[in-house]
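Peer 1: coordinates only, sequence not included:
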């Protein structure tokens, strides 16, 4: 009987040793981050799952603080499952209406019927920007899409490298300043 009790204690210590407080803290922090970063969409689309995930995270933290790692792990596992459910549900198109399918919900999309072009320029507004710098040269043909320049220079600004007041394209010595009269 004593031998069985000893084996049971060793097994419990082994199992509880596998669940370190550091691991629990890491998993709990990751879940808290996920819930925080996606709170608005989850609150709108999957409020029950969000509440369940948040409660399980809190329960896990409480159990961990009380020195009960096994109970804390059970709640972390439940929190992870509820968080996944909340996250996946908050990404459904039925929830966050997105008519143009660009991933920006219609309630914040300034152009809900035209998809954002995600070219690194004003991508958060939901509107395509076919000419970022508004120089009249479409971005697909513009070698400098974020700096205005004439079509004759492929959409890039014409520079005055030496600062003498003569643009490089007309300057005979673009790297040495000189009088305008001498070009």
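Peer 2: Noted; the coordinates are in hand. Keep in mind the model is a prediction, meaning the values are calculated, not measured.

Peer 1: what about the helix or strand encompassing residue 88, distance to the chain center?
Peer 2: Applying DSSP states H and E as the criterion places residue 88 in helix 69-90. Centroid separation between helix 69-90 and its chain, computed with Cα atoms, centre = their mean, to the nearest Å, is 21 Å.

Peer 1: Residues in contact with it: which ones?
Peer 2: Residues external to helix 69-90 that are found in contact with it (Cβ atoms under 8 Å, 6 or more residues apart in numbering): 15-16, 19-21, 24, 27-28, 31, 34-35, 38, 41-42, 44-46, 49-50, 52-53, 56-57, 59-61, 63-64, 95-96. For glycine as for every other residue, the C-beta is placed from the backbone atoms N, C-alpha and C.

Peer 1: buried subset of those?
Peer 2: 19, 24, 27-28, 31, 34-35, 38, 41-42, 45-46, 49-50, 52-53, 56-57, 59-61, 63-64, 96 (16 or more other Cβ atoms under 10 Å).

Peer 1: Now do the residue nearest to residue 179 when sequence neighbours are not counted against residue 176, distance only.
Peer 2: Once flanking residues are discounted, residue 179 sits nearest to residue 164: 7.6 Å by Cβ to Cβ, 6 or more residues apart in numbering. Remark: distance between residue 164 and residue 176 (Cβ to Cβ, to the nearest Å) = 8 Å.

Peer 1: what does residue 139 give?
Peer 2: Distance from residue 139 to residue 176, by Cβ to Cβ: 34 Å.

Peer 1: Which of these two has more residues huddled nearby?
Peer 2: residue 139 (18 against 10; other Cβ atoms under 10 Å).

Peer 1: Which residues are in contact with the more buried one?
Peer 2: 117, 119, 129-132, 145.

Peer 1: burial measure for residue 140, as a count.
Peer 2: 9.

Peer 1: what about residue 80, how many neighbours?
Peer 2: If we define neighbours as other Cβ under 10 Å, then residue 80 has 19 of them.

Peer 1: roughly how far apart are the closest residue to residue 112 other than its chain neighbours and residue 98?
Peer 2: Leaving aside its sequence neighbours, residue 112 sits nearest to residue 106 (Cβ to Cβ, 6+ apart; 4.3 Å). Distance from residue 106 to residue 98, counting by Cβ to Cβ: 6 Å.

Peer 1: So which bits of stretch 133-148 are buried?
Peer 2: Neighbour-count burial for stretch 133-148 [16+ other Cβ under 10 Å]: 133, 135, 137, 139, 142, 144-145, 148.
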